[in-house]
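*Asks:* requesting a structural model of the entry that follows:
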Amino acid sequence: MGSVVAQIPTSFGHELRACLRCRLVKTYDQFRESGCENCPFFSLESDNERVVECTTPNFTGLISVMDPTRSWAARWLRIGRFVPGCYTLAVSEALPEEFQVFFIAPFKYLTSFSFSQLHQLWTSLVSSSL
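*Replies:* Got it, this is the predicted structure:
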(Lines give C-alpha, C1' and ligand atoms only; values in the text may rest on other atoms or scores of the structure.)
Protein backbone atom coordinates (compact mmCIF):
# COMPACT_ATOMS: atom_id res chain seq x y z
CA MET A 1 0.00 0.00 0.00
CA GLY A 2 1.26 3.50 -0.75
CA SER A 3 1.70 6.33 1.66
CA VAL A 4 -1.86 7.63 1.18
CA VAL A 5 -3.85 7.60 4.40
CA ALA A 6 -7.42 8.85 4.81
CA GLN A 7 -8.14 11.67 7.21
CA ILE A 8 -9.33 10.54 10.62
CA PRO A 9 -12.70 12.09 11.60
CA THR A 10 -12.17 15.20 13.69
CA SER A 11 -15.33 14.54 15.71
CA PHE A 12 -17.65 11.61 16.27
CA GLY A 13 -21.06 13.26 16.40
CA HIS A 14 -23.95 13.68 14.00
CA GLU A 15 -21.77 15.36 11.36
CA LEU A 16 -20.12 12.05 10.38
CA ARG A 17 -20.83 10.73 6.90
CA ALA A 18 -19.81 7.59 5.02
CA CYS A 19 -18.90 7.35 1.34
CA LEU A 20 -21.59 5.30 -0.39
CA ARG A 21 -19.04 3.46 -2.54
CA CYS A 22 -16.14 2.61 -0.22
CA ARG A 23 -17.73 3.32 3.21
CA LEU A 24 -14.91 5.64 4.35
CA VAL A 25 -16.10 7.72 7.33
CA LYS A 26 -15.20 11.40 7.73
CA THR A 27 -17.03 14.57 8.69
CA TYR A 28 -19.02 16.50 6.10
CA ASP A 29 -16.40 19.28 6.20
CA GLN A 30 -13.56 16.80 5.63
CA PHE A 31 -15.28 15.34 2.55
CA ARG A 32 -15.93 18.87 1.26
CA GLU A 33 -12.31 19.95 1.84
CA SER A 34 -10.38 16.89 0.65
CA GLY A 35 -12.88 14.50 -0.94
CA CYS A 36 -12.72 10.74 -0.57
CA GLU A 37 -9.23 9.26 -0.72
CA ASN A 38 -10.56 6.02 -2.24
CA CYS A 39 -12.93 7.64 -4.73
CA PRO A 40 -11.18 10.74 -6.19
CA PHE A 41 -13.27 10.40 -9.39
CA PHE A 42 -16.32 11.65 -7.46
CA SER A 43 -14.59 15.08 -7.13
CA LEU A 44 -16.24 15.88 -3.80
CA GLU A 45 -13.87 18.75 -3.04
CA SER A 46 -15.76 22.05 -2.75
CA ASP A 47 -18.97 20.54 -4.18
CA ASN A 48 -21.55 20.57 -1.38
CA GLU A 49 -24.25 18.91 -3.48
CA ARG A 50 -21.96 16.07 -4.58
CA VAL A 51 -20.89 15.44 -0.95
CA VAL A 52 -24.55 15.03 0.00
CA GLU A 53 -25.26 12.76 -2.99
CA CYS A 54 -22.23 10.47 -2.59
CA THR A 55 -22.13 10.19 1.21
CA THR A 56 -24.66 9.36 3.90
CA PRO A 57 -25.07 9.96 7.63
CA ASN A 58 -27.00 6.66 7.84
CA PHE A 59 -24.53 3.91 8.64
CA THR A 60 -23.90 1.22 11.23
CA GLY A 61 -20.71 0.59 13.19
CA LEU A 62 -17.21 1.92 12.81
CA ILE A 63 -13.85 0.22 12.31
CA SER A 64 -10.39 1.80 12.12
CA VAL A 65 -8.01 0.04 9.75
CA MET A 66 -4.28 0.74 9.90
CA ASP A 67 -3.06 -1.85 7.38
CA PRO A 68 -5.95 -2.96 5.14
CA THR A 69 -3.86 -5.45 3.18
CA ARG A 70 -2.97 -7.43 6.31
CA SER A 71 -6.22 -7.08 8.26
CA TRP A 72 -8.59 -10.07 8.18
CA ALA A 73 -11.42 -7.72 9.21
CA ALA A 74 -10.68 -5.40 6.28
CA ARG A 75 -10.68 -8.33 3.87
CA TRP A 76 -13.93 -9.67 5.37
CA LEU A 77 -15.54 -6.22 4.97
CA ARG A 78 -14.10 -5.97 1.44
CA ILE A 79 -12.13 -2.82 2.19
CA GLY A 80 -8.70 -4.49 1.99
CA ARG A 81 -7.71 -2.54 -1.14
CA PHE A 82 -8.60 0.87 0.27
CA VAL A 83 -6.38 3.33 2.13
CA PRO A 84 -5.96 3.12 5.91
CA GLY A 85 -8.69 5.03 7.75
CA CYS A 86 -12.05 4.76 9.52
CA TYR A 87 -14.80 2.79 7.80
CA THR A 88 -18.38 1.88 8.54
CA LEU A 89 -19.50 -1.72 8.74
CA ALA A 90 -22.62 -1.06 6.64
CA VAL A 91 -24.40 1.82 4.92
CA SER A 92 -28.18 2.13 4.80
CA GLU A 93 -28.41 3.63 1.31
CA ALA A 94 -27.23 2.85 -2.21
CA LEU A 95 -25.09 5.02 -4.42
CA PRO A 96 -27.38 7.01 -6.76
CA GLU A 97 -27.65 5.41 -10.19
CA GLU A 98 -26.17 8.42 -11.98
CA PHE A 99 -22.90 7.91 -10.09
CA GLN A 100 -22.70 4.19 -10.78
CA VAL A 101 -21.57 5.06 -14.31
CA PHE A 102 -18.07 5.53 -12.86
CA PHE A 103 -17.70 1.75 -12.62
CA ILE A 104 -17.84 0.99 -16.35
CA ALA A 105 -14.08 1.35 -16.97
CA PRO A 106 -10.82 1.47 -15.01
CA PHE A 107 -10.73 4.48 -12.73
CA LYS A 108 -7.55 6.00 -14.13
CA TYR A 109 -9.32 6.62 -17.45
CA LEU A 110 -12.49 8.06 -15.94
CA THR A 111 -10.95 11.02 -14.14
CA SER A 112 -10.34 12.90 -17.39
CA PHE A 113 -14.03 12.88 -18.37
CA SER A 114 -16.79 15.18 -17.20
CA PHE A 115 -19.91 13.68 -15.69
CA SER A 116 -21.99 14.49 -18.79
CA GLN A 117 -19.40 12.79 -21.04
CA LEU A 118 -19.48 9.69 -18.84
CA HIS A 119 -23.26 9.67 -18.87
CA GLN A 120 -23.29 9.85 -22.68
CA LEU A 121 -20.75 7.03 -22.85
CA TRP A 122 -22.79 4.90 -20.47
CA THR A 123 -26.01 5.56 -22.42
CA SER A 124 -24.38 4.58 -25.71
CA LEU A 125 -22.91 1.40 -24.19
CA VAL A 126 -26.25 0.35 -22.71
CA SER A 127 -28.19 1.05 -25.92
CA SER A 128 -25.62 -0.82 -28.08
CA SER A 129 -25.80 -3.91 -25.86
CA LEU A 130 -29.60 -4.21 -26.20
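
*Asks:* show me what contacts the closest residue to C54 other than its chain neighbours?
*Replies:* Leaving aside its chain neighbours, C54 sits nearest to F42 (5.0 Å; criterion: C-beta to C-beta, 6 or more residues apart in numbering). In short, each C-beta sits where N, CA and C put it, glycine included. Going by C-beta atoms under 8 Å, 6 or more residues apart in numbering, F42 touches 19, 21, 35-36, 50, 54, 99, 102.

*Asks:* which of these sits closest to I63?
*Replies:* Closest approach between the contacts of F42 and I63, by C-beta to C-beta: C19, at 14.2 Å.

*Asks:* using the three-state scheme, assign the closest residue to that closest one other than its chain neighbours.
*Replies:* In space, not counting the residues next to it along the chain, C19 is nearest to C36; the distance is 4.7 Å by C-beta to C-beta, 6+ apart. Using DSSP: H, G, I helix; E, B strand; the rest coil, the structure places C36 in coil.

*Asks:* spit out the contact partners of C36.
*Replies:* By C-beta under 8 Å, 6+ apart, the contact list for C36 reads 19, 21-22, 24, 26, 42, 44, 54-55.

*Asks:* for this protein, which segments count as helices?
*Replies:* Ranges of helices in the chain, per DSSP state H, are 28-34, 48-54, 72-76, 107-110, 115-129.
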